[in-house]
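Undergrad: Sequence and predicted structure, then a few things I'm wondering about:
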Amino acid sequence: MSAYLNTRVSLYSGRLLKPENFTALIKTPDAEMADALAGRGLPQLAAGFDDLDHRSLEQRIISAVLDETKVLIRPLTGADRSFLIYWTERFEVSNVKTLLRGKMTGDRPAALLNRLTPMGAFGRLDVQDLAHAEDVHELLRRLEAGPYAGIVRQARRAFEESQDPFILDAALDRGYYEGLVHRAQPLENAAGASFRRLMGPLIDRINLVWLLRYRFNYNLPPAQVYYLLVASRYSLSSSRLRGLAALGSPDAIRDALPEPLRTQLQDSNTIPDMFASMERDAADKCEKVLHSGAPAISRAFAYLLLRERDLRSVRAVLRGRHLHLPTADIHLAMYQPYDGQAA
C-alpha cells in the first residue's frame, strides 16, 4: 500500500505549479490555453475552456480534485481511506447548503439540481429525492435520515433557534470540520507529527478567520461565536478560542495569540491578510511533508491540500483573463484566501 501511494504521490507532485508557471499561464494565448492546462494534468479545465462560467469552472476544479483523490484512495483501507473520502464530502455539504438555500427561496427542483456539484462515485445523497422535498423543513427531515444526519441535526437545532440562514450554513460547516478533526485523530496517532503538522494549521486557520468574521463582520455575541467554532486540540484550542472570542477587537485577538502565530501575524491588519499569511505558512508545511520521508497518508494529504490551492489560483487566472483584468489584479486575486467553508 505505502509503496503504491508514495509512488503515485511523487508522480502527482510534478503537477504542482510554481510561481513562474502561473505567470506563464497568465500570458498564454487563448488558442494555446487548452493545451497548457492539459499539460498540467487539468483535462477537466482544458475541455470547453472558452465556455467556462463561474459555476462550471468551480465544478471542474472539484472534478479534478475528486479524480485524483479516487486514484490515491485505491490502495487504502480503514482510517486512512475513511479520512480522504471524508475530505471530499465537504463538497457534498456544499450541495446540502445549496439545496437548503433553494428551498428557502422557492426554487424549482430542476433549477436546484442544475446548481449542484456532481460528486460521481463519492456522492452519498439522493439529490433527486431531496430536490423534490416540499419545503425546507421537509428537506431537513429527509437529510436527517441520510448520511449527514449528525451534521444536519445540530445545524437544524441552531436554525430553529435563530431562523437565520447564515447560522444554518455556519453550523453545517462547523459540524463537517468537527467530523474531520475526529477522523484525523487515529491518523495523527499512527502517522505521528507529520499528519498533525497538516491538520493543526488547517483547523487553526479556519477557526481564527471564522472567529474574526463572526465577531466583527457579523457582530455576533462571543458565546454564539464560540458555539460556531470547531472544537480543537491544536494551537488554538477550544479553551483558548473561548477567551479570544470575548476580546473586543481584531488587534486584541491578534495580540493574545500564542507564539509563533502572534509574531507571524503582527503585520497583518485585516482578516484576509491574516488568513493569507496563515495559508502561506500552512502551504510551506505541506511542501515539507510532501518532500519528506513522512508516512504515505501524510504525503497524500499534503499533496491534496497543495493541489487544491493551485487549482483555486488557476481559477483566479482563468476568471481574470475572461474579465480582461490587468496582470497585477490577477496576481492579487490568486492569493485571495479560501476560508474553509464548504461554500
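TA: Received the coordinates, thanks.
Undergrad: And the least confident helix or strand in the chain by mean pLDDT, what does it pack against?
TA: Confidence across the helices and strands of the chain bottoms out at helix 43-46, with a mean of 75, counting by mean pLDDT, DSSP states H and E. Packing partners of helix 43-46 (3 or more CB pairs under 8 Å, 6 or more residues apart in numbering; DSSP states H and E): helix 30-39, helix 54-72. Just so you know, the C-beta spots here come from the backbone N, C-alpha and C atoms, and that holds for glycine as well.
Undergrad: Isn't Ala64 up against Leu42?
TA: Yes. Using CB atoms under 8 Å, Ala64 is in contact with Leu42, at 6.0 Å.
Undergrad: about what we covered before: comparing the helices and strands packed on helix 43-46, which yields the minimum mean pLDDT?
TA: Least confidently modelled of the helices and strands packed on helix 43-46 is helix 30-39, at a mean of 85 by mean pLDDT.
Undergrad: where in the stretch 201-343 of the chain is pLDDT low?
TA: Along the stretch 201-343 of the chain, segments meeting pLDDT under 70 span 335-343.
Undergrad: re earlier: could the helices and strands packed on helix 43-46 go into CSV alongside mean neighbour count?
TA: Listed next are the helices and strands packed on helix 43-46 as CSV, based on neighbours: other CB atoms under 10 Å:
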stretch, mean neighbour count
helix 30-39, 14
helix 54-72, 18
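Undergrad: Quick check: neighbours shared by Ala64 and Leu42?
TA: Leu311 (CB atoms under 8 Å, 6 or more residues apart in numbering).
Undergrad: Distance from the chain centre to the host helix or strand of Thr23, please.
TA: In the assignment (DSSP states H and E), Thr23 maps to helix 19-27. What separates the centre of helix 19-27 from the centre of its chain is 24 Å, taken as CA atoms, centre = their mean, to the nearest Å.
Undergrad: Tell me which other helices or strands it touches.
TA: helix 30-39, helix 296-322, helix 327-334.
Undergrad: quick one: buried residues of stretch 112-132?
TA: Within stretch 112-132, the residues that count as buried by 16 or more other CB atoms under 10 Å are Leu112, Leu113, Leu116, Thr117, Met119, Phe122, Gly123, Leu125, Val127, Leu130, Ala131.
Undergrad: Show me where the stretch 151-300 of the chain has its strands.
TA: Taking DSSP state E, counting those that start in this stretch as the criterion, the stretch 151-300 of the chain carries no strands.
Undergrad: was I right about Asp290 contacting Leu304?
TA: Just to correct that, residue 290 is Leu rather than Asp. No. The criterion here is CB under 8 Å, and Leu290 misses it with Leu304 at 10.0 Å.
Undergrad: With distance to Lys97 added, can I get the helices and strands packed on helix 19-27 in JSON lines?
TA: Below are the helices and strands packed on helix 19-27 laid out as JSON lines (distance: least, CB to CB, whole Å):
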{"stretch": "helix 30-39", "distance to Lys97": "29"}
{"stretch": "helix 296-322", "distance to Lys97": "19"}
{"stretch": "helix 327-334", "distance to Lys97": "24"}
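Undergrad: right, and the ones you listed - which one's nearest Ala283?
TA: Ala283 sits nearest to helix 296-322 of all the helices and strands packed on helix 19-27, at 6.0 Å, using CB to CB.
Undergrad: how much does the closest one deviate in direction from helix 327-334?
TA: Taking axes from the mean of the first three to the mean of the last three CA atoms, to 10 degrees, one finds helix 296-322 and helix 327-334 inclined to each other by 140 degrees.
Undergrad: Distance check, Ile297 against Ser56.
TA: 32 Å (CB to CB, to the nearest Å).
Undergrad: do the same with Arg115
TA: Counting by CB to CB, the gap from Arg115 to Ser56 is 11 Å.
Undergrad: Next: Leu290.
TA: Using CB to CB, which is the criterion applied here, Leu290 is 30 Å from Ser56.
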